[in-house]
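**Q** Coordinates for the following, if possible.
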Amino acid sequence: GDVDLKKVVEYVRLANESGRKHINDSPMEVLKKLDLVKNGKLTWAAILLFGKEPQRFVSQAKIHCGRFKDEVSVIDDQLIQGTLIEQVDSAMSFVKRNLKIEFVVSGSPRREEKWEYPLAAIREAVVNAVCHRDYTQPSDIQLRIYDNELLVWSPGSLPLGITLESLY
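**A** Model prediction:
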């Protein structure tokens, strides 16, 4: 099939390891319980999370990462594909490769790593971009790192009837 059941097994292993869930079901049963199978067919979400070739079905499901000196000088560039889980991990690897890090020596046996931006906050922004993007839009998610800012942009807009003003 189009889903890599080994990826579902790995998800189950990580979920059980975290202690937040205890799953004993077969991979197909897990997909059904996660509501990733409808009327016997895999959903887009199943393909995006556990697919063998997700972009074959949802070609726009990508993250385009760039490290820029300015608007025209590209230092590093990567187009990330794969499952959404793999994309988040690859995007974070790109970020780590392109952010400044300071090693702080303190009284503890290990030196402390101080990143230019908090990695947890960046990971949350990337996860939100992946989860909340509009997958019907033909654009990629963009992650742009400049000397003085980091931007994460996700295709889509507010739901119909909601404006920025109404959110305030």
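**Q** what's the distance between the residue of the chain positioned farthest from its centre and residue 114?
**A** Centroid-distance maximum for the chain: residue 107 at 35.8 Å, with Cα atoms, centre = their mean. Residue 107 sits 16 Å away from residue 114, going by Cβ to Cβ, to the nearest Å. To be clear about C-beta, it is placed using only N, CA and C from the backbone, and glycine gets the same treatment.
**Q** now residue 97, nearest residue through space, not along the chain?
**A** residue 76 (7.0 Å; Cβ to Cβ, 6 or more residues apart in numbering).
**Q** Tell me what that neighbour is bridged to.
**A** residue 67 (DSSP bridges).
**Q** Can you classify the closest residue to residue 33 other than its chain neighbours by secondary structure?
**A** What sits nearest to residue 33 in space, not counting adjacent residues and going by Cβ to Cβ, 6+ apart, is residue 25, at 6.5 Å. Under DSSP: H, G, I helix; E, B strand; the rest coil, residue 25 falls in the coil class.
**Q** For residue 25, give its distance to residue 108.
**A** As judged by Cβ to Cβ, residue 25 and residue 108 stand 43 Å apart.
**Q** For the chain, which segments count as helices?
**A** 5-18, 27-33, 44-50, 54-57, 84-98, 119-132, 164-167 (DSSP state H).
**Q** on that earlier part again, residue 25 and residue 108: which is more packed in?
**A** residue 25 (13 against 8; other Cβ atoms under 10 Å).
**Q** And the pLDDT for that one?
**A** The score at residue 25 is 90. That number is its pLDDT.
**Q** Which phi and psi values does it adopt?
**A** Backbone torsions of residue 25, given as degrees, to the nearest 10, read phi -80, psi 160.
**Q** returning to that earlier point: pLDDT wise, what is the residue nearest to residue 97 at?
**A** 96.
**Q** Run a quick neighbour tally on it.
**A** Residue 76 has 12 neighbours, counted by other Cβ under 10 Å.
**Q** So it is in contact with residue 99, correct?
**A** No. Using Cβ atoms under 8 Å, residue 76 makes no contact with residue 99, being 11.2 Å away.
**Q** Look up the pLDDT of the nearest residue to residue 70 once chain neighbours are set aside for me, please.
**A** Nearest non-adjacent residue to residue 70, counting by Cβ to Cβ, 6+ apart: residue 146, 7.6 Å away. With respect to pLDDT, residue 146 has a value of 95.
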